[in-house]
Every structure is written in structure tokens, then in C-alpha cells.
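1. predicted coordinates and the sequence they were generated for:
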Amino acid sequence: MHISPVLWQFLVKWLHASALFPSEASTIAPYTDALYFFLLLITLIGVVLVGALVFGFSIRYRAARNPVATQVEGSTLLEATWTIIPLALFLVTFVWGALLYFRIYTPPTNSMNIYIVGKQWMWKAEHPGGQHEINALHVPIGRPVQLTMISQDVFHSFSIPDFRVKREVIPGRYSTVWFEATDAGTYHIFCTQYCGTAHSAMIGDIVAMSPEDYESWTKQSTSGMSLAQNGERLFASMGCNSCHSGNAAARGPNLAGVYGSKLQLANGSQVLVNDAYLRDAILNPSQHVTAGYAPIMPTYQGQVSEDGLIDLVEYIKTLDNNYRVQQTLTTSQSDKVAPTTPGMVKP
Ligand code: HEC
Ligand SMILES: [Cu+2]
């Protein structure tokens with residue numbers, strides 16, 4: 001069953017050139033394809049084997065030759081064989097699939113994070129530097145990229161066939177997926193979850209570029225404000241800093257360094273603070289009250305858009321043990337913030 005690498009490469013290239021198969025443009029793609037072709041191969045062997053037996057037996061045991069049916073008592077050897085071989089094949093597929101699953105869903109720790117917001121019917125991408133794109137996503141090649149995705153309305157699914165990447169994009173919850181592009185080029189983005197009238201138009205282009213090109217693209221398309229800076233403004237304009245000022249006497253906990261830490265809750269459990277937890281802490285504060293604090297934080301449900309929440313989360317992520325940045329903002333700049341900040345839900 002061993003296919004020489006040359007033959008393999010040829011097969012994949014041919015399939016791609018014949019437009020029967022997407023190109024392999026990410027580090028994961030060859031692994032996914034190997035499993036896919038393995039499944040195809042054993043299915044093919046199964047079909048040929050069963051087909052040949054049906055055909056052969058129908059000739060060999062045709063009525064003209066065997067006018068009287070004979071009683072067959074069965075064969076333990078035969079039954080064991082056709083149980084053990086498929087079982088072994090299924091187990092190999094299971095272990096292989098599970099290993100691949102973990103590879104696909106565990107992002108490398110050094111991956112860069114980009115946010116994706118899906119809505120009827122478009123994809124919005126938000127880069128940490130504040131670059132926004134609609135139905136397009138620019139990424140560098142040779143670097144793992146993690147997407148943190150959420151939907152503003154119904155279920156969507158984010159898919160890049162050339163990268164062999166696909167993941168559900170769900171309202172109310174972050175989901176993630178990662179990839180590392182290997183070849184510069186433009187590839188398709190699809191929504192693969194039927195989401196309404198213009199579902200088929202919920203498409204876009206992913207542009208994989210060399211790190212240098214990506215660098216110059218980020219410089220060109222910057223809006224001047226990073227996500228964290230937008231978040232800092234929101235934090236002040238929404239009054240978060242009145243409780244989370246970082247002062248010892250403040251009514252809310254100091255948020256510096258909270259991201260990535262283990263938080264002790266009032267109900268005795270411990271949670272890891274990640275993006276999803278921060279988002280939920282802002283929307284449903286009463287559901288997981290931090291130990292040592294009164295449940296006085298109001299809910300911000302319906303008051304911030306998903307984009308605004310992303311900004312706030314990015315801001316809190318940047319807070320290290322030096323809270324001064326935000327305190328200066330509280331006293332000197334908060335009055336400069338326009339009444340309708342971009343991230344706020346418009347009435
Ligand atoms: C009225 C005071 C108050 C306001 C206003 C307030 N918070 Fe809180 N916040 C708290 C308190 C008290 C806690 C701890 C108890 C709890 O978890 O509910 C908390 C907890 C949190 C947590 C959980 C992490 C931790 O260390 O406990 C986050 C994240 C957070 N707040 C963010 C925000 C953001 C963002 C805003 C503004 C949109 C905001 N808060 C507005 C009082 C407040
Ligand atoms: Cu969709």
C-alpha cells in the first residue's frame with residue numbers, strides 16, 4: 001500500500017490542475033489529504049472486493065449449477081476474519097483521525113490572533129493593529145495564525161478549502177481555528193452553514209502574502225488605532241474604569257494580569273481567564289462572581305457590539321501590572337471620548 005512520494009505529488013498536482021481538488025496551501029493540508037486518500041483507498045478496495053465476490057458467486061452458484069440449496073452451518077474462521085480486518089481498519093482510522101483532530105484544533109502558542117465576526121451576510125476581519133476588512137483576510141505565510149470567531153446573528157461556518165480549515169461560527173460564543181499558509185496567493189473563503197437568503201454570497205478572499213508584503217499591507221491599511229486602543233476608549237466611555245481603576249480602594253478587581261491567570265470564584269471553583277471568559281464576564285457578570293467581591297457589576301448585554309467586545313477583550317489582554325496608562329486616561333482623556341464610540345451599539 002506504499003505510494004512513492006513522487007507519485008503522490010503527481011497525483012495531488014494533477015487533481016488540483018484538473019480542478020477536481022483544492023490546492024494544498026497550508027501546513028495541515030497534506031496531513032488531511034493523506035487521511036482522506038487513505039479512506040478513499042480502503043473504500044475503493046472494499047467496493048471492488050464486494051463487487052467481485054457478488055459477481056463471482058452469482059456465476060459460480062447460479063441455479064443451473066446448483067438446483068438444490070444446501071444448508072451452510074457457518075465458519076468461525078471466516079466470521080472472525082471479516083470482523084477483525086474491518087475493526088482494525090476502523091481503529092487505525094479512529095486513531096489517525098483523532099491525532100489529526102488535535103493537530104488541527106490546538107493552535108501553536110506562538111500564533112498571531114485575528115478576530116472574525118460573521119453576520120448575515122459577510123465576514124469581518126479585525127487585526128490586532130486595528131485593520132478592518134470585509135470579505136477579505138490578509139495573512140502572512142510561514143506563520144501560524146489563529147482566528148477567534150463569533151457570529152453577530154445566526155450560525156455560520158468559516159471555511160478555507162485550500163487550507164483544509166473549517167469551523168462553526170456561533171452567536172454568543174468564541175470558537176477558534178488556526179492554520180499556517182505555505183504558498184502566497186489568493187484563496188476562497190466560504191460560509192458552509194446555510195444561513196439565509198444570501199448565504200451563497202457570504203464568500204471572500206484570503207490573501208496569503210510573504211511576511212514583508214504583509215508588513216507593508218498592515219502599515220498601509222491601519223486605521224491609526226489598535227483594537228486595544230479602541231478598547232481603552234470604550235473602557236473609559238462605558239465607565240468600566242470607575243470600578244476597575246486599579247486602586248486598592250476600587251469596588252472592582254484590578255484587571256491587570258488577569259488574562260491567562262487562574263481566577264478563584266466565589267462559588268469555590270477556579271477558571272482559566274481566556275478570551276471567552278472575559279467576554280462572558282462583561283455580558284454575564286453575575287454568573288461567575290470573583291471571590292472576595294460583591295456581585296455589583298452590571299450586565300452589558302445589548303450595550304456593546306461584538307466588535308466593541310473584541311476591543312475591550314484586547315484591551316484587558318494588554319493590561320500588565322502597570323495600570324497607569326488607563327488611570328491617566330481616566331483623569332485626563334475620558335471627557336474627550338465622543339458620545340458614540342465606534343464599538344457601541346447604535347440605538
Ligand atoms: C459597578 C462597578 C463595576 C463596573 C461599572 C464594571 N465592573 Fe467589572 N467587575 C466588578 C466587580 C465587583 C467584579 C468582581 C465580581 C464579579 O465577578 O462580578 C468585576 C469583574 C469583572 C471581570 C472579571 C475578571 C475579574 O478579575 O474578576 C471583568 C473582565 C470585568 N469586570 C470587566 C469589566 C468591564 C469591561 C466593564 C465595563 C464594560 C466593567 N467590568 C464594569 C465591578 C464593576
Ligand atoms: Cu453564513
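-> Yes, it's here. Ligands and ions are numbered 1, 2, ... in the order given.

2. test my guess that residue 128 contacts residue 227.
-> Yes: with contact defined as Cβ atoms under 8 Å, residue 128 counts as touching residue 227 (5.7 Å). For every residue, glycine as well, the C-beta is placed using N, CA and C.

3. now list whatever residues contact both of those two.
-> residue 314 (Cβ atoms under 8 Å, 6 or more residues apart in numbering).

4. and those two? Which one has more around it.
-> Higher neighbour count among residue 128 and residue 227: residue 227, with 27 against 17, using other Cβ atoms under 10 Å.

5. so the residue nearest to the more buried one when sequence neighbours are not counted, which of the three states?
-> Once flanking residues are discounted, residue 227 sits nearest to residue 314: 4.0 Å by Cβ to Cβ, 6 or more residues apart in numbering. Counting by DSSP: H, G, I helix; E, B strand; the rest coil, the backbone at residue 314 sits in helix.

6. from ligand 2, how far out is residue 314?
-> 24 Å (Cβ to the ion, to the nearest Å).

7. ok, now residue 215?
-> Taken as Cβ to the ion, the span from residue 215 to ligand 2 is 31 Å.

8. in a strand, that residue, correct?
-> No: with three-state DSSP as the criterion, residue 215 is helix rather than part of a strand.

9. where does pLDDT dip in the stretch 1-150 of the chain?
-> 1-4 (pLDDT under 70).

10. mind listing the strands for it?
-> Using DSSP state E, counting those that start in this stretch, the strands of the stretch 1-150 of the chain run over 112-119, 122-126, 132-134, 136-140, 145-151.

11. looking at the ones you listed, which is closest to residue 45?
-> With distances scored as Cβ to Cβ, the stretch of those nearest to residue 45 is strand 145-151 (37.4 Å).

12. tilt between that closest one and strand 136-140?
-> 160 degrees (axes from the mean of the first three to the mean of the last three Cα atoms, to 10 degrees).

13. other SSEs contacting strand 145-151?
-> strand 112-119, strand 165-169, strand 175-179 (3 or more Cβ pairs under 8 Å, 6 or more residues apart in numbering; DSSP states H and E).

14. torsion angles phi and psi at residue 251?
-> Main-chain dihedrals, residue 251, degrees, to the nearest 10: phi -80, psi -20.

15. pLDDT score for the residue lying closest to it once chain neighbours are set aside?
-> Spatial nearest neighbour of residue 251, excluding adjacent residues (Cβ to Cβ, 6+ apart): residue 243 at 4.6 Å. Residue 243 carries a pLDDT value of 84.

16. list the contacts of residue 243.
-> Counting by Cβ under 8 Å, 6+ apart, residue 243 has contacts 250, 251, 252, 296, 297.

17. was I right to think the second one contacts residue 296?
-> Yes: if you go by Cβ under 8 Å, residue 251 and residue 296 touch, sitting 6.4 Å apart.

18. chain center to the longest helix along the chain, what's the gap?
-> Longest helix in the chain by number of residues (criterion: DSSP state H): helix 29-60. In terms of Cα atoms, centre = their mean, to the nearest Å, the centre of helix 29-60 is found 33 Å from the chain centre.

19. that older thread, so which of the contacts of residue 243 are in helices?
-> Nothing among the contacts of residue 243 maps onto helices, per DSSP H.

20. report the buried members of the residues you listed.
-> By neighbour count, with 16 or more other Cβ atoms under 10 Å, the contacts of residue 243 hold 252, 297 as buried.

21. let's have the contacts of residue 243 in JSON lines, adding distance to residue 218 and pLDDT.
-> Shown next, in JSON lines, are the contacts of residue 243 (distance: Cβ to Cβ, whole Å; pLDDT from 0 to 100):
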{"residue": "250", "distance to residue 218": "36", "pLDDT": "75"}
{"residue": "251", "distance to residue 218": "39", "pLDDT": "81"}
{"residue": "252", "distance to residue 218": "34", "pLDDT": "81"}
{"residue": "296", "distance to residue 218": "40", "pLDDT": "84"}
{"residue": "297", "distance to residue 218": "35", "pLDDT": "88"}
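
22. and which of the contacts of residue 243 is nearest residue 49?
-> Nearest member of those to residue 49, counting by Cβ to Cβ, is residue 297, at 64.6 Å.
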